[in-house]
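Asks: have a look at this fold, sequence not included:
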């Protein structure tokens, strides 16, 4: 929602050249929301969904911070200033989401790495070799 508000502010401002970044972030967030809502993450196991969400959060925080600084410092109209302020708020929100997603990603990676040795151990236990 915040990305969509920033997109609208940039459309109404003199800094309309920055409107593509919030639009892309909004569409990407919308895609990931519907992917999780429709359980696509359970159907397509080959894609590391927590990593995709992590990269989205990191890129969004960096992009919003950069364009907010440019919008606030270069343009003087109210819509540009509002878009910049909302951009700084979005930077904070995405940084918090980055932190929470990072914890989920670490849990996801630990879960994936602990499955591999157990699978290898069970193969050794089920072995019919007489090496003893």
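Replies: Ah, there it is. This one's a predicted model, so the numbers in the text were calculated from it and none came from an experiment.
Asks: so where do the helices sit in this structure?
Replies: With DSSP state H as the criterion, the chain has helices at 2-12, 20-37, 40-43, 49-74, 78-125.
Asks: in CSV: those helices, plus mean pLDDT and mean neighbour count.
Replies: Bear in mind the C-beta positions are built from the backbone N, C-alpha and C, glycine included. Below are these laid out as CSV (pLDDT from 0 to 100; neighbours: other CB atoms under 10 Å):
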stretch, mean pLDDT, mean neighbour count
helix 2-12, 87, 20
helix 20-37, 87, 16
helix 40-43, 80, 12
helix 49-74, 88, 18
helix 78-125, 78, 15
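Asks: for residue 53, give me its contacts.
Replies: Applying CB atoms under 8 Å, 6 or more residues apart in numbering, we find residue 53 in contact with 32, 101, 104.
Asks: please report how far the last one lies from residue 57.
Replies: In this structure, residue 104 and residue 57 are separated by 11 Å, where distance is defined by CB to CB, to the nearest Å.
Asks: please apply the same query to the first one.
Replies: From residue 32 across to residue 57, the span is 10 Å (CB to CB).
Asks: ok so, going back, as CSV, the contacts of residue 53 with distance to residue 90 would be great.
Replies: Formatted as CSV, these follow (distance: CB to CB, whole Å):
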residue, distance to residue 90
32, 16
101, 15
104, 20
